[in-house]
Structure formats: C-alpha cells, structure tokens
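# predicted model, plus sequence, below.
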Amino acid sequence: MSPQFRRRLVVVGHGMVGHRFVQAAIERGLTETHDVVVIGEEPRPAYDRVALTSFFEVGAEALSLLPEGEYDDPRVELVLGTAVEGFDPETRTVLLEDGRVLEYDELVLATGAAPFVPPVPGHELPGCFVYRTIEDLEAIRAAAATATVGAVVGGGLLGLEAANALAQLGLETHVVEMAPRLMAVQVDDAGGATLARHIESLGLTVHTGAVTSEVVAADGRAAGLSLKDAETIPAEVVVFSAGIRPRDALARAAGLDLAERGGVLVDERCRTSDAHVWAIGECAAPAGRMYGLVAPGYAMAEVVVDALLGGPGSFTGADMSTKLKLLGVDVASFGDAHATTEGALELVFADAVAGVYKKLVVSDDGRRLLGGVLVGDATAYGVLRPMVATPTNPGIELPDNPEELILPAGRGGVELGLPDEAQVCSCNDVCKSEIVEAAADGTTTRAGSTCGSCKPVVKKIIEEYFESVGKVVDRSLCEHFPLTRQELFDVVAVHGYRSFDQVVEAHGRGRGCDVCKPAVASVLASLVGGHVLEGPTRVLQDTNDAFLANIQRNGTYSVVPRIPGGEITPEKLIVIGEVARDFGLYTKITGGQRIDLFGARVEELPAIWRRLVDAGFESGHAYGKALRTVKSCVGSTWCRYGVQDSVQLAIDLELRYRGLRSPHKLKGGVSGCARECAEARGKDFGVIATEKGWNLYVGGNGGATPVHARLLAGDLDTETLVRYLDRFLMYYIRTADRLQRTAPWVESLEGGLDRVREVVVEDALGLGSELEAAMARHVDGYRDEWAATLEDPDKLRRFVSFVNAPDVPDPHITFRAEREQSVPGDVAGPVSLGTTVPVGSPR
C-alpha cells in the first residue's frame, strides 16, 4: 500500500464526469492528502459530449474541457490513450494494457457507458457506426464524403443529434424509431408529433413505430435498412443510436455487485460493494438505477469527493429534466412529464400552425407543478423547472390560473419571478441565491457552464441583482460608446450624423475600436447609404468589406457573384467557368445556390469583377453583414407539387433586398409547397407557398446553433408579404444588437415573436409606413459595389499586394492541385496529386 502520509487515488475514465471529479478533488483540497492518477482510454483529454455535434462546426479543440492537456496541480497525473485491463480489490492494484501495475488506496470508476447496437444482421458492415466519441464523428464524416443517403436507428436525444450531424454533412437523412414517437422517454405523443413535423419540415424523413430487421448490403458495404412490415430504406451511412449500456465489465470481472439491469451497484455515497472502490456517472447504478445524463454524474462526483474528505454528502437521486435544441427545434421535458402521479391533471397549449406544443402536469388541486413538456418554444423552461414539486421539495405554489404560464405573451401569458431557493442550474446544482451571492461577492459559480440552457436565466438574475442595489447594468457597445447599438442607431438617425468622427465626438470618446467602428459603419450604411468604400463608412470596414471579397486562410480572396434565387442562364454559367479557368480559381457550389470562386489574389479582383460585370453579374455581398441569398426550389414552374412560383418571388426578394446592410448577415428562402425543398424555415426569413398565397416565417438560421423560423403571418398575397418583410427587416436593423442574428433578436424582445407580430403585422407602434419608406430609400439608392469600384480610379488603387510595389504579387502565396483544382499550397493533402505552384505561374 501507499505510505500513510500520501495516499494514492486512481480514477479510471477521463470523460466529463471523471474530469469533474478531478476538478472537485483539486478545488476542495483532496490532493493535499492524495496523489491522483487518471487513466483515460481515449487519445485526448475530456471533452464536452453534450455539444458533440458541434464538432463539425468548431472542431475538437473547442470542445475540450482541458485544452492545456494537463491539470495545474502537479499532484494529478493524467495518462491518456491507455486502457485498463482490470483491477484486483484484494491487492488494490490496477493493471494497464501496457503491462504497468498501479497500486491504489482508493479507486474511482468513471468508465461511462457504451452505445447499444441492436444485434440485427449486417450491423457490423462497413458504413455502420455508433455516435459516441470524436473518433466516431470523424469516421462518419469520412464515410459521408462519398455517400448521399444516411439513416439513424434511434429517435431519442442522441439519435436526433446524430440525424442533425448527417444532415449537416449533406446527406438525405432518415430517422428510424421503434417507439410510436420521437424522444419517447422525454415527451408525450402530442409533443412527439409536433417535433416530428418540425424535423420533417427540414427535409428529414421520420419513421416511427418502425423496427429495423436487417442492414442491407451491397458490394460488401451498408446500402440500406430493411424495416419490418415496411419498405427498405436506402442508406450508405447507418448510425446506431438506440440507447446506451453502462460499461461495468471491469467491476464484473473484479466480482463487485451489479444492478439487475447493469451498472455498478453503489450506495448513497456512491461506494461499491468493496469499501475502497467507488463508481460515478453512467457506469454507476445508485439504488439499482442508471442515470444517462451528465448532471447526475456531476452530483455523484461531488458526493465521492465529499466522502473521501470525511463529509456527510449523499446521492439521493437527480433531476432528469432536459432542455436542448434539436435540429433548430427547442425541446424541454421536466418533472413528471407523463403525468404518472396519482390524480395529476394536464394543461395543454398547442398551436399546430406555429409548431408549438406546451403541457403542464399539475397536482389534483392545481396548486403544485409536477412536470411538463415544451416543444417549439421552451423559453419558459428556466422559470418552470425550478417550480416543480418533488417528494423532498414542495415546489412553488402556482397562480390561480396556471395555464397562464404557458400561454404566449399577449394572449394571457404571465411571468413569475423565481424564489431564492429555486434551482437554476440543474447540471451543477446552483440555486438563485447562490448566483446572487456570487454577484454580490464578485465570485463565480458553475451555473451555465455545462449544457448552457440556464444562461438566459442566470444573466437575468445577475442584471436584476445589480439593478436592485442601485447599480447601472452596463449594456454599452464598447469602452468608447456608453450606448447600445439600438441607441446608437437612434442618435445617428435623429442628429443626421454622416461620419464616425461626428458620432464619437458627440456621444463617445477615444478613436474607436474593432467593435464600435464596424457597428457605426453598419448604422451609417443603413441610414446614409452610398458605396461601402466611400463617404462615412470608408475607413471603418474590416478586411472583407475593404476589398469587397472574403479573405481566405492563405491570403487570397473568394469572389461570389449574385445569382438571384439560384436561377442562372447557360451563358452566365459559361462565363463563370471561363473566369475560373482563366484565373485558375477553385470553384464550389454553395448551399445558398451560388458559385464561389476561391484563390483570387487581391490585385486580380478588379479584372475578375470586370469579366463578371460585363456578363451581367454583380456583387453577391458574401463579404458583408448584408443580405446573402434568397434560396428557392423550382416551384410551380416545374414541380408537380408546387402551388406557387417560388423562383420568381425569390428573385424579386433577392433583388429588392440586395446590398441591405444589417447587424448580421441575412438569408432567405422561398419554397413552392409544404414539402419545403428550399429549407425556408432555416432562414432569417422564409416563405412557403400555400393554395391561398404565402406563409411568412421569421427568426430562423442554420450554423452552429440552428433555430427554426416561426410563423409570423399566413396566406398572404404577394404585396402584403413584401410589405410585412420590409417592416420586419427594417425593424430588425433598427433595434438589434451588433452581430445579433434575427433568431436571438426575436427572443430578446419583450414578448418575443408576439411583439414582432404586433409591430410588423398589426402596426401597433404606428411605424409601418416609416419602416416601408426606409426600405424604399434603400431600394431606390442601390448600386452594385463592384461596378462602382471599377468606375473609380481612386477605389482601384487599394487593390495591390504591396503599396510601394503595386505590380509585384505576394510571393508567399502558393497553390497546388487537388481533384483537378487549385488549393492553398500549405494545406495538407496527397502529395501525388500535384506540386506547389508559385503565384504568377499558371495554376
């Protein structure tokens, strides 16, 4: 055994829960008496599995919970890429796969869980995957590069995350769920149906009540799924996400007691049947129950640290509430969501058109909240979940009319304040009073640091505290302006300022920064107009605006001509091909129905624009915070399902709003029928045709945090649609914060979408004609920035690599060939595909 004055603690597993245990051990002083050795099987330190799907957007480094690769405390040793072969409770030793043997005084098992793969024929074929680790996602991405169709077996939380990943990778995606609804554990039938409609509107196909009987093979690989009593689904990529099973093999081999349904059986202190072995997280089964969420695992980690320090902590269960965004759809479940409590009553609000379903489960006297389900709009989750009554907590008494808690604002809805004892962050067990105390003391809590669903509530609590003690909550744009962007917009509009110098002299201080200068430029561009390289915005732009093109990783630029509505003639298509060929540019068709040309040197930009402008093209504004595209399907012109001419409307809208400068980029879409091929509900504004006209949706976006657009108004004629869109966009431009997309902007307004509807549709503020006039000025004043630059010698002078040697190209920019196109020379790739080519040589 270890010497008495220093004890050795071995932790098996370095996932989120294992990492949390080590953090708690360091913070609470356990390493003063214990040396800690952490054994991780994966090649990298713990990372955020809750946000695993965002790996495709942000990469592995951004997900890491320990980016430095080691702990600050030298008494903690982290061993990665090493599996544990077994342990012996008699000798208190751990055997590693490399043959090393570690003695321990205390052993903590944090081995987590493994994906369950149904034993269907063909499940081991190439092309079949699970969805658990970064390595799994890397393998899925590689397979998706040569596939067109994918399927996910499992429609629970992780299954829908996997489906989102396949959709992001560009695959036609099917979700196969054996239960009669999606997320069967968390939501009821009506909530599952609402969720399914949302997901199918994004182009995914949902199969519920479907049993997978076989993975069909072709050429030795997965080619489809055979469903019992149904047709075979084509699928070149199959992801199994049918639940998890605790990784209890080490404990089983060591002779520890296991729960009936798997997992290491532990007592209320998370101690196993061996007094010196503990288990936490998904591998543990307190009172015989496994918990598959991170919050209970964190609670167990704290309990074991407390026990090793001689404290009284115990694990008596955990809050299994869930709030997340699945494929842009808000979903939340808390408490007794299925009304299993005797005498429980259900209160339901459903808006099928808007895609919103809300249910509260209350006690038989209507005074206590027992649980609930929220789909499509989960903004009330932060307030409702802490109100839930449990066997050990009476909860918060409901108002006389509890249905008001789920009604939309303006339709009878109310908002209640939280009591001090209300738990705000269930992942880290932080209540409101702790957040207030931290704000008062200048200390911190872990609230909002795990899943992030409580961040809006935490922010509101902190702001309310500071306001209550007489302090002003600083919402300033930056250190140079004591104003928000909306306030800045108003003062520029009222005073008629036309330059940054005028604005900062009257309302700010200093010379400005890279926060306020682009923000002022955006406001001036919206109010004053004119070319981005002249007048008040000339010196305020970032690199992309300054050169009317997007800078790329090797110092070259991309050129993106506008293709309104995605419609292009063969002649124009040929011109793009000729320009790309003659200048050696890499070409890529984008998801926004445009063609990007990459690899243009700065001095080549004017010549490229001249060729494109002469052919009838203009700037696509891919470089600016402005309208990018209005995507369309082929509509009633070609499609047998189309009910309106979506292409013409998309072209009209894109030409109307081209060049419109805004707080953030804007994207639109128009679908010719409810099949939604243009993915309009994933855009800042989306239009879907109906038999009677058009439905207008607003406040959606894709990207790392996708949001589903919601219905603003339905069955509109084209003239009314355009009028409402004019008002919506100008209202957003006037009132949004800097770099705020329309989705968070709508949520930030008091009343949310209902407030937008009041202003835009009902004209409650009487601003309708003013907003329309502002848009009319933009439309009348539009001029193509590429063409205007080509006509101005002063503007053209900036397009050189070196000011003192304008005819010399940058010698550091190189290219090589890959897949018969030019790519940056410093990008890793197969050497056999090409060689490095100096700039200035034919590419």
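Here it is on my side, so go on. Numbers count the residues shown, from 1 in each chain.
# under a three-state scheme, what state does the closest residue to residue 567 other than its chain neighbours occupy?
The shortest distance from residue 567 to any non-neighbouring residue, by Cβ to Cβ, 6 or more residues apart in numbering, is to residue 647 (5.7 Å). All C-beta spots, glycine's among them, are computed from the backbone N, C-alpha and C. Here residue 647 is recorded as helix under DSSP: H, G, I helix; E, B strand; the rest coil.
# tally of neighbours for residue 647?
By other Cβ atoms under 10 Å, 23 other residues sit near residue 647.
# that one touches residue 565, doesn't it?
Yes. Assessed by Cβ atoms under 8 Å, residue 647 is found in contact with residue 565 at 5.2 Å.
# mind listing the helices for the stretch 601-750 of the chain?
605-614, 635-638, 646-657, 718-735, 742-748 (DSSP state H, counting those that start in this stretch).
# and the ones you listed: which comes nearest residue 43?
helix 742-748 (35.8 Å; Cβ to Cβ).
# if we can go back for a sec, so for the residue nearest to residue 567, what's the pLDDT?
For residue 647, the pLDDT comes out at 96.
# what sits against it?
Taking Cβ atoms under 8 Å, 6 or more residues apart in numbering as the criterion, residue 647 is in contact with 565, 566, 567, 632, 633, 634, 635, 637, 670, 672.
# now with 7 Å, please.
For residue 647, the contact set (Cβ atoms under 7 Å, 6 or more residues apart in numbering) comprises 565, 567, 632, 634, 635, 637.
# tell me the domain ranges of this structure?
Domain assignment for the chain by automatic domain parsing gives 7-113+246-308, 117-242, 322-405, 485-541, 547-624, 631-781.
# and the second one, end to end?
Same thing as domain 117-242. 7 Å (Cα to Cα, to the nearest Å).
# pull the distance from that domain to the chain's centre.
Mean-position distance between domain 117-242 and its chain equals 20 Å (Cα atoms, centre = their mean, to the nearest Å).
# what average pLDDT does that domain get?
92.
# do the fourth one as well
Domain 485-541 shows a mean pLDDT of 77.
# how near is residue 159 to residue 241?
Applying Cβ to Cβ, to the nearest Å, the value for residue 159 to residue 241 is 4 Å.
# mind listing the shared neighbours of the two?
What both residue 159 and residue 241 touch, as defined by Cβ under 7 Å, 6+ apart, is the set residue 152.
# where exactly do the strands run in the stretch 301-450 of the chain?
Here the stretch 301-450 of the chain has its strands, by DSSP state E, counting those that start in this stretch, at 322-326, 329-335, 345-351, 356-362, 369-375, 423-425, 430-431.
# which of these is buried the deepest?
Compared across the strands of the stretch 301-450 of the chain, strand 369-375 shows the largest average neighbour count, a mean of 28 (mean count of other Cβ atoms under 10 Å).
# so residue 308 makes contact with residue 30?
Yes. Residue 308 lies in contact with residue 30 (Cβ atoms under 7 Å); the separation is 5.9 Å.
# sorry, back to before: the strands of the stretch 301-450 of the chain: which one's closest to residue 154?
strand 322-326 (13.0 Å).
# what sits in contact with each of residue 647 and residue 565?
residue 632.
# which stretches of the stretch 251-400 of the chain form helices?
294-308, 381-384.
# could you dump those helices to a markdown table with mean pLDDT, mean neighbour count and distance to residue 254?
Below are the helices of the stretch 251-400 of the chain laid out as a markdown table (pLDDT from 0 to 100; neighbours: other Cβ atoms under 10 Å; distance: least, Cβ to Cβ, whole Å):
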| stretch | mean pLDDT | mean neighbour count | distance to residue 254 |
| --- | --- | --- | --- |
| helix 294-308 | 93 | 24 | 18 |
| helix 381-384 | 79 | 22 | 41 |
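# for those, give me TSV that also has distance to residue 143.
Formatted as TSV, the helices of the stretch 251-400 of the chain follow (distance: least, Cβ to Cβ, whole Å):
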stretch	distance to residue 143
helix 294-308	28
helix 381-384	36
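# nearest to residue 187, of the ones you listed?
helix 381-384 (13.1 Å).
# so what does the closest one touch, helix or strand wise?
strand 369-375 (3 or more Cβ pairs under 7 Å, 6 or more residues apart in numbering; DSSP states H and E).
# centre of the chain to the strand it packs on, how far?
On Cα atoms, centre = their mean, the centre of strand 369-375 falls 23 Å from the chain's centre.
# what do you get for stretch 238-254?
28 Å.
# quick check: end-to-end length of it?
35 Å.
# and that stretch, what's buried?
Using 16 or more other Cβ atoms under 10 Å as the test for burial, stretch 238-254 gives 238-248, 250-251, 254.
# now render these as TSV, adding distance to residue 116 and secondary structure.
Below are these laid out as TSV (distance: Cβ to Cβ, whole Å; DSSP: H, G, I helix; E, B strand; the rest coil):
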residue	distance to residue 116	secondary structure
238	15	strand
239	13	strand
240	8	strand
241	9	coil
242	5	coil
243	5	coil
244	6	strand
245	5	strand
246	10	strand
247	12	coil
248	13	coil
250	18	helix
251	18	helix
254	23	coil
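# follow-up on the earlier one: from the contacts of residue 647, which is closest to residue 706?
Residue 706 lies nearest to residue 632 out of the contacts of residue 647, by Cβ to Cβ, at 20.1 Å.
# just give me the neighbour total for the closest one.
Quick note: residue 632 (other Cβ under 10 Å) scores 29 neighbours.
# what of residue 474?
Residues near residue 474, counting by other Cβ under 10 Å, number 7.
# please report phi then psi for it.
Backbone torsions of residue 474, given as degrees, to the nearest 10, read phi -80, psi 110.
# how far away is it from residue 747?
Distance of residue 474 to residue 747, computed by Cβ to Cβ: 21 Å.
# returning to what we had before: compare the contacts of residue 647 and tell me which has the most neighbours.
Neighbour max across these (other Cβ under 10 Å) = residue 632, 29 neighbours.
# that older thread, among the domains of the chain, which is nearest residue 810?
domain 547-624 (6.2 Å).
# identify the residue nearest residue 747 in space, chain neighbours excluded?
residue 379 is the one closest to residue 747 (Cβ to Cβ, 6+ apart), at 6.8 Å.
# what do you get for residue 237?
residue 150 (3.9 Å).
# got it, and residue 579?
The nearest residue in space to residue 579 (Cβ to Cβ, 6+ apart) is residue 611, at 5.0 Å.
# and the pLDDT for the one you found?
96.
# how many neighbours does it have?
Neighbours of residue 611 (other Cβ under 10 Å): 15.
# can you verify my assumption that it contacts residue 577?
No. With contact defined as Cβ under 7 Å, residue 611 does not reach residue 577; the gap is 11.4 Å.
# still on that earlier bit, nearest to residue 516, of the strands of the stretch 301-450 of the chain?
Nearest to residue 516 among the strands of the stretch 301-450 of the chain is strand 322-326 (31.0 Å), distances taken as Cβ to Cβ.
# look up how far residue 156 lies from residue 184.
Residue 184 sits 7 Å away from residue 156, taking Cβ to Cβ as the criterion.
# which of the two has more residues huddled nearby?
Legend: neighbour count by other Cβ under 10 Å for residue 184 and residue 156, higher for residue 156 (20 against 17).
# what's the nearest residue to residue 174 if we skip its chain neighbours?
Leaving aside its chain neighbours, residue 174 sits nearest to residue 151 (4.2 Å; criterion: Cβ to Cβ, 6+ apart).
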